[in-house]
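1. Sharing a model that was predicted from the sequence below.
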Amino acid sequence: MKEPIISVKNLVAKYGDETILNDISVDIFPQEITVILGGSGCGKTTLIKNILKLYQPFSGSVKIFNKEVTSIEEQEFDKILSKIGMLFQNGALLNSLSVFDNVAIPLEQHTDLSKNVIEKMIKVKLDLVNLSHAIKMVPAELSGGMKKRVALARAIALDPDILICDEPSAGLDPLTSASLDELILKLKDLLNMSIVIVTHELASIHRIADRIIFLDNGKVLFSGTLNEAKHTEIPEIKTFFEVGKF
Amino acid sequence: MEIRARTLFLEGELTKLTVPALLDKFSKYLENSIETIDLMNVTKIDSAGIAFIDEIISQLKFDPEKSLTMNKIVQKAYSTFTSVNIKSVSPIIRLDFFTKLGTGFFDFTKSISNGIILIADIFFWSFVGIFNKKGQRKGSVIQQALFIGVDALGIIALLSMILGLILALQSAAQLRQFGANIFVADLMGISMVTEMGPILTAIILAGRSGSSIASEIATMQVTEEIDALKMMAINPIRYIVVPKFHAITICIPLLVTASTLIGIFGGLIIAVTYLDLSPTVFINRIFEILTLRDALIGLGKSYFFAWVIVIIGSYYGFNVKGGAEGVGKVTTQAVVASIFWVIILDAINSLIFYF
């Protein structure tokens, strides 16, 4: 059995007095695509944001690259974060910067590469997401799907070890969604990335998922491979795979 | 709507257009004893119609299954739109006085500690940022200096000139009565250098740059841009606040100097045209009366004004709650708080140096 790259144990997350995640334990394994599933409001995004300390966990343990991050020094955690790429649900591009400058941020901040090399890397990453033509545009000029693809280019700018995507294909047309899946698979193979994806898209799950984590009401209902998920007797998951919606 | 044999008959259309009139009519029927409701002759019904039926049921405390007779149209709509089986949300618990007081005190101490941490962070990273530009965007200080300094120069110059003219004109009328025309130079020199120049510049910057800092950071907060920076292991204070802090620190003495000189020039115009003083006499008098201490006090306090504007703008921006409405709210709060603290600091400065 492989050592998990992210290991969450007994995580409790709260917003005020409301418990969102109740004693969650999940493992994310290297060089796999793990899909986090569940109904709206079940705590998928909260789980990711707690893993990445964007929200402080109420209790429990989160280990990334075998290091406990809940009590880690900020500088140490920054080193870990520089190996993680995150694609936010709405892209979260810096609106005051151009597409080029957005993708350049991690490269300029975390490498000592020359301007010309950075420029080439940005062009390649934008080409991977089919947005070479948008290099000089600003986020306000982009469609929702284009923003997401620029955000993905930014997330993979440093060729991270872990890529986390929060609903990457939501709001995208089926063709763009499929090409995004192809890109994710390519990244996994080329760069040995470990990828965590929050999605509801059944077609996408079938195409890319190695492992499934199914959340329900702040608890883990199922954790296993895609094949195991397809043949499970848990009614909610059966319904999901049969009907295609939750 | 009519009542026959203890049955309420509803007919025709029960929609959002007809329900208001029916509600008025129904209140008059409440005194009659009604046991069932007949909806067999309803021809059209929407969610407002069903809500009306639910309202009748709840007022008369009926069991809907036993008391309603309905046709297929109503049945179909009723099964979709009825609110009878929806669980009501538990009402918001009203806090008592002491709980409110405790919560308020807790929030206050939390905001104070957050404020102190932010101030420490801003000063620390601004100091580090002088030597180490990592974590900042290239050219961001120049870009911010252009916005905070160059773009503000026009309005500061115009208002300083007007203020200088007003100050000199109003005092000239009094001074002339006593033949003390020359003292307009004393008044203009001291007031513009030690007070009017710095405070006018600070208030314009609070309105212009303070609001812009608060709204920019607040918008970035609500659109997850701050989270995105954190995820790229970039400290948002270093990336967003430090360039503004450096830019305002560079610009404020220049803006205050410009404001002061233009204000004095406004006074000179009045002195020459209204009080028949020669420009040379006016300028010589100003140099005689002003000391280096006055200039340093004026410039020194303007740095504190500038820093307080950046700190307050950042504090409100980072602590935004809600969406667009929240951004608007913190922007207003930041401007009001900045102007308030600029005046408080000015008062403290006056107490220290002139009391």
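-> Thanks, I have it. Since the structure is predicted, the reported quantities are computational estimates derived from the model, not experimental observations. Numbering: from 1, shown residues only, chains lettered A, B, ... in the order given.
2. a helix runs through B:S209, doesn't it?
-> Yes - per DSSP: H, G, I helix; E, B strand; the rest coil, B:S209 lies within a helix segment.
3. Show me the shaky parts of chain A.
-> Residue ranges of chain A with pLDDT under 70: A:1, A:244-246.
4. how near is A:E3 to B:S278?
-> 88 Å (C-beta to C-beta, to the nearest Å). C-betas here are computed from N, CA, C, even on glycine.
5. Also A:D181?
-> 83 Å.
6. can you list the domain ranges for chain B.
-> Chain B breaks down by automatic domain parsing into domains covering B:2-81, B:101-354.
7. Worst mean pLDDT among those domains?
-> Mean pLDDT is lowest for domain B:2-81 out of these, coming in at a mean of 83.
8. how long is it end to end?
-> Domain B:2-81 stretches 24 Å from its first residue to its last (C-alpha to C-alpha, to the nearest Å).
9. try stretch B:26-43
-> Using C-alpha to C-alpha, the two ends of stretch B:26-43 sit 19 Å apart.
10. partner residues bridging the residue nearest the centre of chain A?
-> With distances taken as C-alpha atoms, centre = their mean, A:I164 lies nearest the centre of chain A, 1.8 Å away. On the basis of DSSP bridges, A:I164 is bridged to A:M86, A:V196.
11. dump the residue contacts of it.
-> A:48, A:52, A:84-87, A:155, A:195-197 (C-beta atoms under 8 Å, 6 or more residues apart in numbering or on different chains).
12. How about B:L299?
-> B:L299 neighbours (C-beta under 8 Å, 6+ apart): B:198, B:253, B:256-257.
13. before we move on, what about B:I119?
-> Going by C-beta under 8 Å, 6+ apart, B:I119 touches B:I311.
14. Checking it next. Helix, strand or coil?
-> Relying on three-state DSSP, one would call B:I119 helix.
15. So which residues on chain A come close to chain B?
-> By the rule C-beta under 8 Å from any C-beta of the partner chain, the part of chain A lying against chain B is A:49, A:52, A:54, A:77-79, A:81-82, A:84, A:86, A:88-90, A:92-96, A:101, A:105-106, A:108-110, A:151, A:154.
16. same thing but 6 Å
-> Contacts of chain A with chain B, taken as C-beta under 6 Å from any C-beta of the partner chain, map to A:54, A:78, A:81-82, A:86, A:88, A:92, A:94, A:105-106, A:109.
17. Where helices are concerned, which of the residues you listed count?
-> Residues of these located in helices (DSSP state H): A:78, A:81, A:105-106, A:109.
18. Neighbour-wise, which one of the residues you listed leads?
-> A:L81 (24 neighbours; other C-beta atoms under 10 Å in any protein chain shown).
19. so that one makes contact with B:A233?
-> Yes - with contacts defined as C-beta atoms under 6 Å, A:L81 counts as touching B:A233 at a distance of 4.0 Å.
20. Go ahead and report the secondary structure state at A:N116.
-> Secondary structure state of A:N116, per three-state DSSP, is helix.
21. Which strands or helices does the helix or strand hosting A:S61 pack on?
-> Take DSSP states H and E as the rule and A:S61 turns out to sit in strand A:59-64. When contacts are defined as 3 or more C-beta pairs under 6 Å, 6 or more residues apart in numbering or on different chains; DSSP states H and E, strand A:59-64 sits against strand A:6-15.
22. in the strand it packs on, what counts as buried?
-> A:6-8, A:11-14 (16 or more other C-beta atoms under 10 Å in any protein chain shown).
23. Go through these and say which is closest to chain B.
-> A:I6 (14.5 Å; C-beta to the nearest C-beta).
24. quick one, what contacts the closest one?
-> A:28, A:64 (C-beta atoms under 6 Å, 6 or more residues apart in numbering or on different chains).
25. ok, now with 7 Å
-> Counting by C-beta atoms under 7 Å, 6 or more residues apart in numbering or on different chains, A:I6 touches A:28, A:51, A:64.
26. same for the longest helix seen in chain A, what does it pack against?
-> When chain A is parsed with DSSP H, its longest helix is helix A:174-191. With contacts taken as 3 or more C-beta pairs under 7 Å, 6 or more residues apart in numbering or on different chains; DSSP states H and E, helix A:174-191 sits against helix A:202-208.
27. the inter-axis angle of the next helix or strand after the helix it packs on versus strand A:6-15?
-> Going down the chain from helix A:202-208, the next helix or strand is strand A:211-216, by DSSP H and E. Between strand A:211-216 and strand A:6-15, the angle comes out at 20 degrees (axes from the mean of the first three to the mean of the last three C-alpha atoms, to 10 degrees).
28. How far off centre is strand A:211-216?
-> Centroid separation between strand A:211-216 and its chain, computed with C-alpha atoms, centre = their mean, to the nearest Å, is 14 Å.
29. And it, what does it pack against?
-> strand A:33-38, strand A:219-225, helix A:226-230.
30. winner for burial among those?
-> Counting by mean count of other C-beta atoms under 10 Å in any protein chain shown, strand A:33-38 has the highest mean neighbour count of the helices and strands packed on strand A:211-216, with a mean of 24.
31. Cheers, nothing more for now.
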